[in-house]
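S.K.: A structural model of the following input is requested.
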Amino acid sequence: WKIKVDLPRAIKTNVLAQSISTDGGLTWAPWELVLDLPDVNASEPWILRSPDGKELLCLIRENGTRVSLQMTSTDEGATWSKPAPLPPGLYGDRHVARYDADGRLVICFRDTGRDSATKDHFIAWVGSYEDIKAMRDGLTTYTPTGLPESVLLPWVRLPLSMRPRRMKNPMVQRTNTPPT
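M.R.: Have a look, this model is predicted:
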């Protein structure tokens, strides 16, 4: 969640705030400030749960340095760790994360890595929750969709090879017949 605070132009800041619902979204608690660092232009958070369900991981876009950030919470978002960089393979905008049927983490986003071969293109990062925690890069593949893809279908094997920019379609392989 993102809210902007009106401040003088000389002060550049974006804040991340959260509001929690305990009734499926019918009502919401008041906004609480989660992150406010004057020199960090944070936005577009995406929260995912660790495989064991005990930790939340927040992926954060950063518009100034283009070094995407992460924060964790072990108390359902009541408190958050200090922000730290994500692995370079996850530097980007509009992260959308899902676990596939094999337990791999699939994160689609627009790549903003300064030296990345897929800079400014939408890609899919495939790895594990532990890869992120250990600052390891996963595998990436080019997805020329213009938007992060977030649907994982059981009959599609994830593309695991880098796609050149000139290719028009992402590589997918059918693993069995789709449901009828």
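
S.K.: which non-adjacent residue is nearest Cys58?
M.R.: Met71 (4.6 Å; C-beta to C-beta, 6 or more residues apart in numbering). All C-beta atoms are positioned from the backbone trio N, CA, C, and that covers glycine.

S.K.: how much space separates the one you found from Ala124?
M.R.: The spacing between Met71 and Ala124, counted by C-beta to C-beta, to the nearest Å, is 23 Å.

S.K.: CA atoms of the helix or strand hosting Arg94 as PDB?
M.R.: Assigned by DSSP states H and E, Arg94 falls within strand 92-99. This file holds the C-alpha atoms of strand 92-99, laid out as PDB (Å, rounded to 0.1, in the frame of the first residue of the first chain):
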ATOM      1  CA  GLY A  92      12.600  -3.800 -10.700                       C
ATOM      2  CA  ASP A  93       9.100  -2.400 -10.600                       C
ATOM      3  CA  ARG A  94       5.700  -3.900 -10.000                       C
ATOM      4  CA  HIS A  95       6.700  -7.200  -8.500                       C
ATOM      5  CA  VAL A  96       4.000  -9.900  -8.500                       C
ATOM      6  CA  ALA A  97       4.900 -13.100  -6.700                       C
ATOM      7  CA  ARG A  98       3.400 -16.600  -6.600                       C
ATOM      8  CA  TYR A  99       4.500 -20.100  -5.700                       C
END
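
S.K.: partner strands of that strand and their direction?
M.R.: strand 105-111 (antiparallel) (DSSP bridges).

S.K.: who touches the strand it pairs with?
M.R.: 48, 59, 90-100, 118-129, 131-132, 138, 140, 143, 148-150, 152, 158 (C-beta atoms under 8 Å, 6 or more residues apart in numbering).

S.K.: just the buried residues of the residues you listed.
M.R.: 48, 59, 90-93, 95-97, 118-119, 121-127, 129, 131-132, 138, 140, 143, 148, 158 (16 or more other C-beta atoms under 10 Å).

S.K.: just checking, which of those belong to helices?
M.R.: 129, 131-132 (DSSP state H).

S.K.: is Arg66 in a helix, a strand, or coil?
M.R.: Look at Arg66: counting by DSSP: H, G, I helix; E, B strand; the rest coil, its state is coil.

S.K.: give the contact list for it.
M.R.: Counted by C-beta under 8 Å, 6+ apart, Arg66 has contacts 91, 112-114.

S.K.: what of Thr79?
M.R.: By C-beta under 8 Å, 6+ apart, the neighbours of Thr79 are Ser73.

S.K.: over to it: give its phi and psi.
M.R.: phi -140, psi 160 (degrees, to the nearest 10).

S.K.: state the distance from it to Ala97.
M.R.: Distance from Thr79 to Ala97, by C-beta to C-beta: 21 Å.

S.K.: sweet, I'm off.
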